[in-house]
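Colleague: I need the structure of the sequence given here:
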Amino acid sequence: MAAASDRIVTVFGGTGFLGRRIVRHLRLHGFGVRVASRHPDRGHAPLPTDDPLVRLIKADVHDERSVAEALADAYGAVNAVSLYVEQGGETFHSVHVESAQRVAAQALRAGVKRFVHVSGIGANPRSRSRYIRKRGEGELAVRAVFPDAVIVRPAVMFGEDDGFLSLVLKLLRQLPFYPMFGRGLTRLQPVYVEDVAEAIARTTQQPEMRAMTFEFGGPRMYSYEELLRAVAREVGLRPTLVPMPFAAWDLLAWFSEMLPNPPVTRNQIELMEVDNVSSPKATGFKELGISPHSVEEILQDILRKH
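Modeller: Predicted coordinates:
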């Protein structure tokens with residue numbers, strides 16, 4: 001078998017929040033990386049673009065030919081493409097089901113040895129939430145064409161420049177009171193994005209891991225209210241938390257989605273109505289020898305940097 005440095009892994013969505021980290025961790029494990037994105041000119045700052053073994057290429061997961069070209073002669077592939085707001089032809093079905101199946105099928109055709117598909121905790125083809133349902137359908141579509149695919153289900157991810165913890169912190173600091181989703185009882189298990197990226201790199205490196213499903217959650221489970229108070233405590237705040245019915249959030253999100261960059265969407269509200277925690281019986285970080293970082297630990301690191 002060729003040395004890791006001679007093997008190429010194509011990362012679809014490689015300029016995204018998780019994708020950029022996957023690229024870096026694959027390089028730390030000795031792989032060459034093709035960063036496949038519709039907009040390869042975006043998101044370069046955290047990428048090692050001066051590294052000759054990192055190549056940025058233009059590829060659209062909706063286009064079979066560009067997917068095939070991105071996968072030519074690749075040892076492995078990671079599909080980290082995701083969609084959180086539907087716009088025009090960009091729907092949860094087109095991205096999380098049709099495109100996921102297209103990438104998996106082309107990976108099999110190209111002779112890719114390791115294929116990792118990034119989904120999400122709670123993915124369920126029978127869910128009433130369209131987003132969660134399409135994530136579940138996407139997993140089935142991938143396995144139907146690439147039976148040995150590794151499915152990765154992260155919990156809600158946090159890290160520097162994220163769209164979760166950073167927003168919570170900003171609102172806690174700025175608002176006189178903080179409106180909670182419902183009564184703040186939804187259970188969450190936030191996971192550090194760097195831990196997820198390292199886990200994906202390790203699954204790519206271990207060819208014996210076939211047809212496995214991993215669930216990656218952080219070291220602690222919180223209710224939504226507990227998480228808000230934990231974050232506030234780290235920055236010395238004592239916020240006034242106000243319960244807000246999900247029906248009111250739905251109405252707010254409906255109006256919000258009329259904006260070019262909606263601050264909250266109905267999809268996000270649906271996700272906050274169900275627990276986002278890993279199954280106690282699921283394969284996860286432990287099997288890969290990773291000890292996940294806590295919210296409090298990483299938040300302090302971020303605060304020290306800024």
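Colleague: count of neighbours near the residue lying closest to Ala282 once chain neighbours are set aside?
Modeller: Using CB to CB, 6 or more residues apart in numbering and skipping the chain neighbours, the partner closest in space to Ala282 is Glu215 (3.8 Å). Where you see a C-beta, it was placed from the backbone N, CA and C, and this is true even at glycine. Using other CB atoms under 10 Å, the number of residues around Glu215 comes to 25.
Colleague: swap in Ser66?
Modeller: By the criterion of other CB under 10 Å, Ser66 has 17 neighbours.
Colleague: check Met212 too.
Modeller: When neighbours are counted by other CB under 10 Å, Met212 comes out with 16.
Colleague: helix or strand for the residue nearest to Ala282, which one?
Modeller: Assigned by DSSP states H and E, Glu215 falls within strand 213-216.
Colleague: show the average pLDDT along that strand.
Modeller: Predicted confidence along strand 213-216 averages 98 (mean pLDDT).
Colleague: identify the residues contacting that strand?
Modeller: With contact meaning CB atoms under 8 Å, 6 or more residues apart in numbering, strand 213-216 is reached by 121, 139, 150-155, 191, 195-196, 199, 203, 278-279, 282-285, 287-288, 292.
Colleague: could you pull out the strands for the stretch 101-250 of the chain?
Modeller: Assigned by DSSP state E, counting those that start in this stretch, the strands in the stretch 101-250 of the chain fall at 114-118, 150-154, 157-158, 178-181, 187-188, 191-192, 213-216, 222-223, 241-244.
Colleague: got a markdown table for those, with distance to Val97 too?
Modeller: Shown next, in a markdown table, are the strands of the stretch 101-250 of the chain (distance: least, CB to CB, whole Å):
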| stretch | distance to Val97 |
| --- | --- |
| strand 114-118 | 11 |
| strand 150-154 | 14 |
| strand 157-158 | 22 |
| strand 178-181 | 27 |
| strand 187-188 | 26 |
| strand 191-192 | 24 |
| strand 213-216 | 17 |
| strand 222-223 | 31 |
| strand 241-244 | 32 |
